[in-house]
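**Student:** pasting the sequence and the predicted coordinates here, then a few questions.
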Amino acid sequence: MKRKKNDDKLANSTNSQKKNLGQGLPVYNAHAAGIDVGDTMHDVAISRENTHEVRKYSAYTEDLQNLVAWLKEEGITTVAMESTGIYWLNLYLLLEEAGIEPYLVNAKHVKNVTGRKRDDTDAIWLQKLHSCGLLQKSFQPEAEIRVLRTYVRHRKKLIMLSSDAARRMQKALELMNIKIHTVISDLLGKTGMKMVCAILAGERNIDELIKLKDGRIKASEEDIRKSLNGIWKEEYLFMLKHAYAGYGFYQSQVKECEEKIKDCLLQQVAKILDGDITGLQIEKKRKLKKNELGFDAQSLLDIIVGVDICQVESISEISALEFISEVGTDMTNWKNDKHFVAWLNVAPNTKITGGKIISSKMQRKKNQAGLTLRMAASNLTKSKSPLGDYARKMRSRIGKKGGVVAGAHKLGRIIYKLIKDKQPYDKTLYLKTQDKWRENRIKHLEKQIQKLKDVA
């Protein structure tokens, strides 16, 4: 009798299980489309009654406009597409302008099921996942921040190119056995560039070249004389000429790009101040350092962000500009500071199964804002502040590389709080943590000393 009741219960549970499985996934986005983005062709899939319709559109501007118009005619309100290279960008902007919400998703998150790999099936798969609400939208800042981000990234690349030209200048001098770049501290300084210009102009007299030395140069005249005694070769002088011209060209482009960055910042400030920017003083009167911005971007960023994030240790003007150009000023795009630092890729990617941590390695992805924080955190160990103590403590515990990531993690959470709460940076909040850590450290060392005394 008991066995029969158990069989009935098992049958009922099995039937209910089958019933639940047969219901399928709920549809959250009924008017959703999926687009497989390519270099020359886009496959667009929308849902019909019991099937899907897939159309192919070329990547030309006219065809993209026809694609968007067709989606509007079909009543599509949201579209999912993979972040394939930069091919998605123009279509993304056209969809935004048309009032259709684009979902830019990570290609790793939408891998197709096992089977034949084709563009049309990929588009259908994207549409199915998006209609069921299974896709996570990648972060994209607002239009004004995207424009600023383009200029800031371009400036960074130009500086890298100019640095490469400077290295080629040093190589050409080294091939001629001219050691001036090893005697003076900076070949790109006043003395170094004057001497290079004179060499390219045909000057070979060492006495005349020494006259170009600046009074602040600490190297002796004898060392400079020896460093300028080279082996003049026509082919190496030709290399030096091209490297010097390349360096000057890239530096001029950097200045032109900085003007665009300044205009973008002023436009955002003008919106905040209702168009009144007459009282702003953004010109720097002091001598600029190498690769420093030619205008006072920090004062403009203070108005745009609402708080001075440069007060945080190791966050310079350039770091603040690069960071804001990547993340913007709206922190509501992330649930909290933990989600924010995870998006920055400065948090461990912990994987747990069976209640055990099987992996906590960092994800292999490049987040430009996270890289900016890592560069800033690499200098934290030199600071005498509480953040400097934290960086040195983490470096001794988990190594140099891990310490940099931990410092960037701390900086990310601090900046998140500052921008979200619009509160100035208060160092005293971290002094209490520092004092508590010191007390615990002293107690630990005292216990160790007492153990050694007991053993002795």
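**Tutor:** Yep, that arrived.
**Student:** can you map out the strands along the protein?
**Tutor:** Under the criterion DSSP state E, the chain contains strands at 32-36, 41-47, 52-58, 78-82, 101-105, 351-353, 356-359.
**Student:** so residue 395 touches residue 381, yeah?
**Tutor:** Yes: with contact taken as CB atoms under 8 Å, residue 395 and residue 381 are classed as touching, separated by 6.1 Å. All C-beta spots, glycine's among them, are computed from the backbone N, C-alpha and C.
**Student:** for the longest helix seen in the chain, buried residues please.
**Tutor:** Taking DSSP state H as the criterion, the chain has its longest helix at helix 234-272. In terms of neighbour count (16 or more other CB atoms under 10 Å), helix 234-272 has its buried residues at 236, 239-240, 243-244, 246-247, 250-251, 253-254, 257-258, 260-262, 264-265, 268-269.
**Student:** same check on stretch 154-165?
**Tutor:** Neighbour count says stretch 154-165 has 155-156, 158-159, 161-162, 165 buried, by 16+ other CB under 10 Å.
**Student:** for it, the distance to its chain's centre please.
**Tutor:** 17 Å (CA atoms, centre = their mean, to the nearest Å).
**Student:** pLDDT at the closest residue to residue 66 other than its chain neighbours, what is it?
**Tutor:** Once flanking residues are discounted, residue 66 sits nearest to residue 57: 6.6 Å by CB to CB, 6 or more residues apart in numbering. pLDDT for residue 57: 96.
**Student:** what pairs with residue 57 across the strands?
**Tutor:** Judged by DSSP bridges, the bridge partners of residue 57 are residue 42.
**Student:** ok, residue 395 and residue 381, which is more surrounded?
**Tutor:** residue 381 (21 against 18; other CB atoms under 10 Å).
**Student:** list the buried ones in stretch 312-330?
**Tutor:** So, applying 16+ other CB under 10 Å, buried residues of stretch 312-330: 312-315, 317-329.
**Student:** also stretch 200-213?
**Tutor:** 209, 212-213.
**Student:** now tabulate those residues in a markdown table and tack on pLDDT.
**Tutor:** Putting the buried residues of stretch 200-213 into a markdown table (pLDDT from 0 to 100) gives the following:
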| residue | pLDDT |
| --- | --- |
| 209 | 92 |
| 212 | 91 |
| 213 | 90 |
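**Student:** now, those residues that are in helices?
**Tutor:** Using DSSP H, the buried residues of stretch 200-213 in helices are residue 209.
**Student:** now flag whichever of the buried residues of stretch 200-213 is closest to residue 97.
**Tutor:** residue 212 (56.6 Å; CB to CB).
**Student:** pLDDT at the residue lying closest to that closest one once chain neighbours are set aside, what is it?
**Tutor:** Excluding the flanking residues, the one nearest residue 212 by CB to CB, 6+ apart is residue 194, at 4.4 Å. pLDDT, residue 194: 93.
**Student:** residue 194 and residue 217: what is the separation?
**Tutor:** As judged by CB to CB, to the nearest Å, residue 194 and residue 217 stand 11 Å apart.
**Student:** no further questions, thank you.
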